[in-house]
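In: Give the three-dimensional model of this entry:
(chains A and B, ligands or ions: 6)
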Amino acid sequence: MVQTGSAAAGGLATPVLEVEDLAVTFARRGEQPTRAVDGVSFSVAPGETIGLVGESGCGKSVTSLAVMGLLPRRGVQVTGSVRLDGQELIGAPDRVLRSLRGADMGMVFQDPLSSLNPTVPIGTQVAEVLLEHREMTKAEARDEATRLLDRVGIPDPARRLKEYPHQLSGGMRQRALIAMSLACSPRLLIADEPTTALDVTIQAQILELLRELVVDSGTALVMITHDLGVVAGLCDRVHVMYAGKVIETADRHDLFARPRQPYTGGLLASVPRLDSGRGTPLTPIRGSAADAIPWAEGCAFAPRCDNAQDDCLTEVSGSTVPLEPDGPGRELRCRHPLEHPSAPAGASAFGTDAPGAAR
Amino acid sequence: MTAAPTSPGKDELLRVEGLKVHFPIKRGIFFDHTVGHVQAVDGVDLVVSRGATYGLVGESGCGKSTLGRAILRLVEPTAGRVLFDGTDVAALKGEPLRHMRQRMQMVFQDPLGSLDPRQNVESLLSEPLHAHGLGGGKAGIAEKIRTLLDAVGLPSAALRRYPHEFSGGQRQRIGIARAVALEPDLLIADEPVSALDVSVQAQVLNLLEELQERLGMTYLVIAHDLAVVRHISDVVGVMYLGSLVEQAPADDLYEQPLHPYTRSLMSAVPVPDPGVEERRERILLAGDLPSPADPPSGCRFHTRCPWRQKTRCDDEVPVLRELGPGRLVSCHWAEEIRDGVLHPRSPEEALHAGAAARPAPETQPGDDDPSPFLGRDQPLPRAEQG
Ligand SMILES: Nc1ncnc2c1ncn2[C@@H]1O[C@H](COP(=O)(O)OP(=O)(O)O)[C@@H](O)[C@H]1O
Ligand SMILES: Nc1ncnc2c1ncn2[C@@H]1O[C@H](COP(=O)(O)OP(=O)(O)O)[C@@H](O)[C@H]1O
Ligand code: SF4
Ligand code: SF4
Ligand SMILES: [Mg+2]
Ligand SMILES: [Mg+2]
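Out: Ligands and ions are numbered 1, 2, ... in the order given. Take a look at the predicted model:
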């Protein structure tokens, strides 16, 4: 159940999903086009979990919808490359995408109600996925649906099969949706804030279920969340996003022990931790995500950044701040990153979790 | 039913005794047929000391907001008393009631929903001052509003703008400015930061703390986020299905939670630190929160409790009792659990024990079935699980 040891953390296995330079622009007639996702690249291997984190509006959901081919065709421009087991999905016909969704890639959303059909019992919905993507008789599909509901922890599955989505609690619905995603043992699962609407005790159950799925089925998991605690417990590698771009990538141990991007550091200093005492000071980031400037003008985080200097602006440096390698397994988009003492300071503060302990 | 918290005295600002709020469930063509009650709040006792922050946590639907609203009499309690600064709030009418209302204010989760979209910030902030005849004339009010804006960190240019023109964090600042305009003694903040981005959450938490220090306010902070509550509270109360199950000084509670629900709840909170995550005790609770319209008998937590015993838990209501200085807990077996004499059961075991103790499975309410998939909920350190 521990993910750190799992096969793929270092990207040794062939990736299931490779996203390269993905960009999404929304253009409405009479309005300035908005570039919601701006040159995002990442990959996920079987049995690996990667995290996409960032505050609301940074482009996490649009990234996941673009990968799944779920963005509307009109008024949206998607460029770059998304390959699932080597097969290019950008520009692929809807028919191909539809058959891949469900069979090879599944998605779990924050609000399961929006992805479940309110007028069809959940058992029928799970069975339909099976009938569409796997060769089965109706009776076999029903048995398999029962087995899947049982697997995701829905009690008394034979009875629940006949219930409608509104008869289930939020946690049960999310499980039903995960059961549907599991129906075809997908190679890739994208979970977009799957627990944000749930209470912590239910969140713990769902996260455990996802963990188990990754370990047992070798599913590649893309976990999208704004919750740094969830990332710390679940993801092998983490990509931090800001204003449509990845601004820092690292193994989760490195990222939490030595954040380099001032935004990442600022996020970590902002969250109250359950294990730190009453009144431990919080150091917020000033302003809000709305203060971002366009990347073409300079680092989007500059208006909020304590490390910002003149060369963070394009006008001064002559180029947009690039995403560059930053030591083993890390990438960074910043001209004046946070420095950490070169001695393994993490060793004292984080016990046995000295750098490299996880590998 | 429950023992009142101890040590009444001059330094207590708010006292709640045996508070109940039951909402009728109505059915029938003319909606006049009451078929049952949602026991949203069912017998809560608590005391908030002057100048302190009392944090109230629990899962959604456990009655936190209803309790807050009942204290302010935004909803009529079914039973019980609310004493504010020694006065029974229910007994007040007319001018004294108005004055009392001025001394207690509320901040809501969704600032947009609680601010009139047609009023600009100036009018939003001056309205309560006018209504209570405070601020001393036009010039006085204008001066007061400028000070308020400054105190919550908004520019004076904000005065002419409308709520929808602001970001979530700025709107919450407006909500707070409005609430503190009347210089209340008690501020009830219901999920004040849960709609905000993390970086902005910290700004608002710091602002609340700063204002408390500056204005000497007493806080009742309601939140489902345990880390937020620990950060801001002196005393924390944990609610489950309408009742307090545990109350303790914040740091004590987090260092040694005594009630099985508190322990489970805290073990479910992820910490943004991979090292801690790997070692964290995890107790997975089976199933969902039962319906407050049909709460379980005996200890209300018994349908999900990993420590549930064959005796007492199912049929005897535990009272909130004192287990140590300032430490209240309502569990029959709190000492044995604390001392490690009793161990949590796996959900499979709990399920079978439940089947034996109950007459027939069909009689179980639908939503609280313990779910059997959580076979791994013994609190194993995570490092051992791989
Ligand atoms: N259909 C759309 N039309 C125009 N802009 C959109 C649309 N969907 C999302 N956006 C914009 O794209 C940006 C990224 O949104 P999103 O991916 O949903 O953020 P996140 O999931 O990280 O909170 C936001 O600024 C949002 O306003
Ligand atoms: N006005 C109302 N009428 C009927 N039921 C209500 C009303 N307000 C709240 N409830 C119910 O009371 C219970 C407690 O709700 P609430 O106090 O909002 O919980 P919390 O704030 O802890 O999430 C819930 O079951 C809720 O559905
Ligand atoms: S590039 Fe400059 S403004 Fe951007 S995060 Fe780094 S130091 Fe701050
Ligand atoms: S009284 Fe029994 S069921 Fe209730 S919390 Fe204690 S051990 Fe669990
Ligand atoms: Mg999103
Ligand atoms: Mg509430």
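In: so does the host helix or strand of A:Tyr263 get close to ligand 1?
Out: Here A:Tyr263 is covered by helix A:262-270, with elements defined by DSSP states H and E. No. Contact of helix A:262-270 with ligand 1 (Cβ under 6 Å from any ligand atom) is absent, the minimum separation being 13.5 Å. For glycine as for every other residue, the C-beta is placed from the backbone atoms N, C-alpha and C.
In: tell me the secondary structure for the closest residue to ligand 1 within the stretch 1-150 of chain B?
Out: Closest approach between the stretch 1-150 of chain B and ligand 1, counting by Cβ to the nearest ligand atom: B:Leu112, at 16.7 Å. Recorded secondary structure, B:Leu112: helix (DSSP: H, G, I helix; E, B strand; the rest coil).
In: That one and B:His164 touch, don't they?
Out: Yes. Here B:Leu112 reaches B:His164: they are 7.2 Å apart, a contact under Cβ atoms under 8 Å.
In: If I follow the layout properly, A:Ile293 ends up in contact with A:Ala302?
Out: Yes. With contacts counted by Cβ under 8 Å, A:Ile293 reaches A:Ala302, the gap being 6.3 Å.
In: Looking at the two, which is more packed in?
Out: Remark: of A:Ile293 and A:Ala302, A:Ala302 carries more neighbours, 20 against 16, as counted by other Cβ atoms under 10 Å in any protein chain shown.
In: List phi and psi for that one.
Out: Phi and psi for A:Ala302, reported as degrees, to the nearest 10, are phi -50, psi -40.
In: pretty sure it contacts A:Asp291?
Out: No. In this structure, A:Ala302 is not within contact of A:Asp291 by Cβ under 8 Å, at 9.2 Å.
In: the more surrounded of B:Leu112 and B:His164?
Out: Of the pair B:Leu112 and B:His164, B:Leu112 is the one with more neighbours under other Cβ under 10 Å, namely 16 against 9.
In: what residues are up against the more buried one?
Out: B:Pro163, B:His164, B:Arg171 (Cβ atoms under 8 Å, 6 or more residues apart in numbering or on different chains).
In: Quick one: name the residues of chain A near ligand 3.
Out: Taking Cβ under 6 Å from any ligand atom, the part of chain A that reaches ligand 3 is made up of A:261-263, A:299, A:301-302, A:305, A:307-308, A:312, A:321, A:334-336.
In: Would you list the buried entries among these?
Out: Neighbour counting with 16 or more other Cβ atoms under 10 Å in any protein chain shown marks A:261-263, A:299, A:301-302, A:305, A:307-308, A:312, A:321, A:334-335 as buried within the residues of chain A next to ligand 3.
In: Any regions of chain B where pLDDT drops low?
Out: Along chain B, the parts satisfying pLDDT under 70 run over B:1-10, B:29-31, B:346-386.
In: I meant to write the stretch 251-359 of chain A there.
Out: In the stretch 251-359 of chain A, residues with pLDDT under 70: A:342-359.
In: ok, 80 please
Out: Along the stretch 251-359 of chain A, the parts satisfying pLDDT under 80 run over A:279, A:342-359.
In: Show me the helices in it, by range?
Out: Remark: helices assigned in the stretch 251-359 of chain A by DSSP state H, counting those that start in this stretch are A:252-257, A:262-270, A:314-317, A:345-349.
In: of all those helices, which lies closest to chain B?
Out: Ranking the helices of the stretch 251-359 of chain A by proximity to chain B (Cβ to the nearest Cβ) places helix A:262-270 first, at 3.9 Å.
In: quick one: buried residues of that closest one?
Out: Using 16+ other Cβ under 10 Å as the test for burial, helix A:262-270 gives A:Pro262, A:Tyr263, A:Thr264, A:Gly265, A:Gly266, A:Leu267, A:Leu268, A:Ser270.
In: Residue 75 - how many residues pack around it?
Out: Went with chain A since none was named. Neighbourhood size, A:Gly75 [other Cβ under 10 Å]: 13.
In: oops, chain B please
Out: Other residues lying near B:Val75 total 17 when counted by other Cβ under 10 Å.
In: what does B:Lys138 give?
Out: B:Lys138: 9 surrounding residues under other Cβ under 10 Å.
In: in which helix or strand would I find it?
Out: Going by DSSP H and E, B:Lys138 is in helix B:137-151.
In: Let me know the next secondary structure element after that helix.
Out: Downstream of helix B:137-151, the next assigned helix or strand under DSSP H and E is helix B:168-180.
In: longest helix of chain B?
Out: helix B:198-215 (DSSP state H).
In: and the following helix or strand past that one, which residues are buried?
Out: Once the chain leaves helix B:198-215, the next helix or strand it forms, by DSSP H and E, is strand B:218-222. If you call a residue buried by 16+ other Cβ under 10 Å, then strand B:218-222 has these buried ones: B:Thr218, B:Tyr219, B:Leu220, B:Val221, B:Ile222.
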